[in-house]
Each structure stands twice: as C-alpha cells, then as structure tokens.
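# no FASTA, just this:
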C-alpha cells in the first residue's frame, strides 16, 4: 500500500530521530569509557602514591628503630660497665678491709708476743697497749680532724656569704651620678656679652677668682661652669646665679659676689654634715667634724658623692656588726667618719685615712673608731674587728654595680666579654652572662656538638676565661645541649 505524503514525512522524521539518538548513545558510551579510563588511571596513581608514602614511612620507622636500638645498646653497655666498675670497687674495698683486719690481728699478736718475751708488768703492758692503740687511731683521727675542719671552713664561708647578701639586700640606696659641670640659666642672649665684658675682662676675673672655666657658647639661655673641683664649681655656680639676678657685672662686683658665695657654700657644710649624721644615725656634736663631713658633699669619687658614700658605708657597717653580734654603734660611727680626711685642705704627709684618724684622735674619739678609720686602706694594722668591718663595707659601697661610673662600665664590659668569648667557639648558638657575671649559660647546637664533645667544650671555655679575663671570685659555666623532636597528629 503506497504511503501518502504525511506518512512518508513522519517516517523520515522517525528515522532521523532514531539516527540522532543512536549517535548520542554512541557518544555517551565513548565518554563513559574515557571517564572510566581516567578513573582507573587516577586510582593506579593514587595506589602508587600510597605505596611510596608507606614505603617512606616504613623506612623512617626502621631508621628510628635502629637509632633507638643503638641508644639502648649504648646505654646498656654503659650500665654494664658501671656495674662492673662498682663491683670492682666493692671487691677492692672488701679486700682492703680484710687486709686491714688481718694486719690489726697480726699487730695484736705481735704485741702480745713481745710482752710475753719481754716479761712486762701489767702497768707497763697497759701503757704499751695504749700507745699501740693511739698509733692505730692516729691516722683515723687525722682524717676525721681534716673532715671536721674542712666542713667548718665551708660552713664559715657559707655564713659569710649569707651575712654579706643579707646586709646588701637590706640596704637599697638610690644612685645619683653627678656631672663635672653645672648649667646656669640666663634671662636672654645679651647676658652672655655682659658676662664676657669688654675685651673679656669680666670672664677673666670670674675664672681667676673661682678657679673654674666659664663656657659661653651657642647654647641658648644658659652658660656652663666647668671644674674638676666640686667645691669651686659650687661656689662659681652660686656666684654666677647671684650676678645674673643682680645685673651689675664688672670685676669689683664679681669679686664681691664670689666672696659671698664662698662664705655661703662653706657655711652650708655644717648643715649638710648635721643632716648626714642624722641619716646615718650617729650623734656628732663637734663643729669641726660636722663641717668636714659637710665638705664631703662637694667631692666625688669616680662620680660617686663622697658624703652619700660615707652615709651608706655607715649603714653597711652597722648591719654587718649586727649580723656578727657585736655593738653596731662604733661600726656605724667609723663608717660615717672614715673619709673626713678627704675634706682637709691643709698639706699633710699622711693619706686621707691617716689624716682623718689624726683629727679624730685629737678630738678624743673612741680608739676603736680611730683605728678603724686609720686602717681601712691597710696603711696601719687593724686592732679590732671594727677595722675589718669598715674595710669590707667601704669596698661594698664603692664596687657594687651602679655605685660608680667606672665600676658600672667595668661590670658591663665584663658581662659582654664573657658572652663574646663563649660565642667565639664553634657550635655555640647563644651565650648569656647572669648573676652579675658569676655564671655563663652557653647554648650549643646539638647537630654540631655531641654529648661527648659538650663536656670538653665547657672545659675549653673555662680555660679561656681563666687565661684571658680578670675577675674577682669564680665564674660558673653551664653548657646546655637540648634536642627536641616535634610531630603533629591531625
């Protein structure tokens, strides 16, 4: 039956759709096959990666296990050697004891045989036996005496350290470093020209009368008074401030103001001495002694105020005397008065310790105080414990870190020197000086310095410090070798 046109069109359309669907199915199958192939390849690669990681982990585990076994074997060997050494020592000790016992028995037998042969009386035999026993015990007594004396010496050193530390910790004075120049403010710049004067006559007169140097430069609204003599510098400062306030500046007025300033400064010395005695807790009534004490306020020792140093020394002396159980009053008094010889201006063949002791002796001071002042620099022999206390307290006040500029600089230089010396060795990562330079902590790199080499390195550092550095007391070297392992579980 022939198809009409509509049927033919529908048949063609169906045929086209079927062809298209067949082509789509074929393409889909090809895509699925390619995707499956990619998945299989990725799975094989992942499996290979897992095998590689597992093999690497197994290799690392075997290496760690080998290292652990080696460490355990070495530790076991060390333990076995230590046990063997201990057993040998025990055997040797037991053998020595057996030998000593045999010798003792033999000596007793010989003594009995000698008495029998000699036919000694009972008293003679007793005397002979006592001498024999004394001879036997002599070595033990000597060893015991040495042990007791050595322990006693260690106890005394520990007690001395405790007393010094307790004393210094109880005294915590402030530290004030004074300069070698004084700054005087002026109202305006025109005052500088007036201070210089015509052809410099004013400044020349001022410097001649005061014995100082007046430094006038471009610094605004101030001039500088410079002198190594603190008393002269203070007189010049007071006179210059008075001249600036008055405004009349010429050689005659300069002379008048300088003389007035000198009287004012020296008159204030008595009050300064009285205040220092009150701070130190010492009763001083003699006008000459108070004036000498006050003059110490204007003097410096390595940038440390001498009067403040004397007050501090007085407190240290009293604390040390109290710790030792003796009367602190003479110690406190000798500490306050020990440097008054520095305030004396007249010529003398004695040092400041001898000159101060001579003044105190003339004024009827306690003989213990006079001797302590005279002996605190070792110029005369000490006659009491107070002289030793004063010498020790004077040294503590002068040498503690921060008391004097030179001491502070030396302390910093010493600490830096210790750290630099330790860091110069190969394998050292860090070095820190602690406890005021009494200990050095040295940190080494474990990969470069082994356990066996660490002890040798600490010994080398000690030898270098002993050869190249100068220091009081001892320096402890602590070498730190630390190896850390980190893992992170996720």
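Thanks, I have it. Note that the structure is predicted; figures quoted are calculated from it, not measured.
# For the rest of this, base every contact and every neighbour count on C-alpha atoms.
Fine.
# Show me the longest helix that occurs in this structure.
helix 5-118 (DSSP state H).
# Leaving out the residues flanking it, which one is nearest to residue 240?
Nearest in space to residue 240, with sequence neighbours left out and distances taken as CA to CA, 6 or more residues apart in numbering, is residue 184 at 7.5 Å.
# looking at this, the one you found is in a strand?
Yes: counting by DSSP: H, G, I helix; E, B strand; the rest coil, residue 184 is located in a strand.
# tally of neighbours for it?
Applying other CA atoms under 10 Å, we find 16 residues neighbouring residue 184.
# wait, it sits on residue 219?
No: in this structure, residue 184 is not within contact of residue 219 by CA atoms under 8 Å, at 11.3 Å.
# thinking again about what came up before, local confidence estimate at the residue nearest to residue 240?
Residue 184 carries a pLDDT value of 83.
# Let me see the contact set for it.
If you count contacts by CA atoms under 8 Å, 6 or more residues apart in numbering, residue 184 has them with 222-225, 237, 240-241.
# mind listing the helices for the stretch 251-400 of the chain?
251-280, 287-295, 306-324, 328-337, 352-362, 367-375, 385-399 (DSSP state H, counting those that start in this stretch).
# let me redo that: the stretch 101-250 of the chain
Going by DSSP H, counting those that start in this stretch, the stretch 101-250 of the chain shows helices at 122-170, 190-196, 201-210, 230-246.
# Roughly how far does residue 261 sit from residue 450?
Counting by CA to CA, to the nearest Å, the gap from residue 261 to residue 450 is 72 Å.
# The two: who's more crowded?
A direct count of neighbours by other CA under 10 Å for residue 261 and residue 450 places residue 261 higher, at 22 against 13.
# Just to check, that one is in contact with residue 231?
No: if you go by CA under 8 Å, residue 261 and residue 231 don't touch, sitting 10.8 Å apart.
# what residue ranges in the stretch 201-350 of the chain score low on pLDDT?
Applying pLDDT under 70 to the stretch 201-350 of the chain flags the ranges 300-303, 345-349.
# if we can go back for a sec, report the beta-bridge partners for the residue nearest to residue 240.
According to DSSP bridges, the residues that bridge with residue 184 are residue 223.
# measure residue 209 to residue 253 for me?
Applying CA to CA to residue 209 and residue 253 gives a distance of 12 Å.
# nope, residue 58 is what I meant
Going from residue 58 to residue 253 by CA to CA gives 100 Å.
# Those two: which is more packed in?
residue 253 (15 against 12).
# So that one versus residue 244, what's the distance?
Applying CA to CA, one obtains 11 Å for the distance of residue 253 from residue 244.
# can you check residue 463 too?
Counting by CA to CA, the gap from residue 463 to residue 244 is 63 Å.
# So between those two, which is more surrounded?
Using other CA under 10 Å, the more surrounded residue of residue 463 and residue 244 is residue 244, with 17 against 11.
# My guess is that one contacts residue 186. True?
Yes: between residue 244 and residue 186 there is a contact under CA under 8 Å: 6.8 Å.
# picking that back up, looking only at pLDDT, what's the mean for the longest helix of the chain?
pLDDT averaged over helix 5-118 gives 79.
# Distance from it to the middle of the chain?
48 Å (CA atoms, centre = their mean, to the nearest Å).
# Give me the packing partners of that helix, helices and strands only.
Judged by 3 or more CA pairs under 8 Å, 6 or more residues apart in numbering; DSSP states H and E, helix 5-118 is in contact with no other helix or strand.
# Can you report how many residues neighbour residue 89?
Residue 89, neighbours per other CA under 10 Å, totals 12.
# What of residue 332?
29.
# if I look at it, how far off is residue 52?
Going from residue 332 to residue 52 by CA to CA gives 83 Å.
# go on, residue 489?
Separation of residue 489 from residue 52 (CA to CA): 20 Å.
# Who has more neighbours out of the two?
Of the pair residue 489 and residue 52, residue 52 is the one with more neighbours under other CA under 10 Å, namely 12 against 3.
# so who does the more buried one touch?
If a contact means CA under 8 Å, 6+ apart, then residue 52 has no contacts.
# Over to residue 220?
residue 189.
# and if you look at the one 4 residues further on?
Residues in contact with residue 224, defined by CA under 8 Å, 6+ apart, are 181-184, 214-216.
# out of those residues, who's nearest residue 413?
Nearest to residue 413, judged by CA to CA, of the contacts of residue 224 is residue 181 at 26.2 Å.
# need the next SSE after the helix or strand where residue 421 lies, C-terminal direction.
Using DSSP states H and E, residue 421 sits in helix 405-423. Note on helix 405-423: by DSSP H and E, the next helix or strand toward the C-terminus is strand 428-434.
# Show me what that next one is in contact with.
415-416, 418-420, 422-423, 439-445.
# Highest neighbour count among those residues?
residue 422 (28 neighbours).
# So that one sits against residue 461, correct?
Yes: Residue 422 is within contact range of residue 461, at 6.4 Å (criterion: CA under 8 Å).
# any chance of the contacts of strand 428-434 in JSON lines, plus distance to residue 128 and pLDDT?
What follows is the contacts of strand 428-434, written out as JSON lines (distance: CA to CA, whole Å; pLDDT from 0 to 100):
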{"residue": "415", "distance to residue 128": "65", "pLDDT": "80"}
{"residue": "416", "distance to residue 128": "68", "pLDDT": "83"}
{"residue": "418", "distance to residue 128": "63", "pLDDT": "86"}
{"residue": "419", "distance to residue 128": "66", "pLDDT": "88"}
{"residue": "420", "distance to residue 128": "68", "pLDDT": "89"}
{"residue": "422", "distance to residue 128": "64", "pLDDT": "88"}
{"residue": "423", "distance to residue 128": "67", "pLDDT": "90"}
{"residue": "439", "distance to residue 128": "57", "pLDDT": "85"}
{"residue": "440", "distance to residue 128": "60", "pLDDT": "88"}
{"residue": "441", "distance to residue 128": "61", "pLDDT": "90"}
{"residue": "442", "distance to residue 128": "62", "pLDDT": "91"}
{"residue": "443", "distance to residue 128": "65", "pLDDT": "91"}
{"residue": "444", "distance to residue 128": "65", "pLDDT": "90"}
{"residue": "445", "distance to residue 128": "68", "pLDDT": "89"}
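# and the residues you listed, which two are the farthest apart?
The farthest-apart pair in these, when distances are taken by CA to CA, is 415 and 445, at 22.2 Å.
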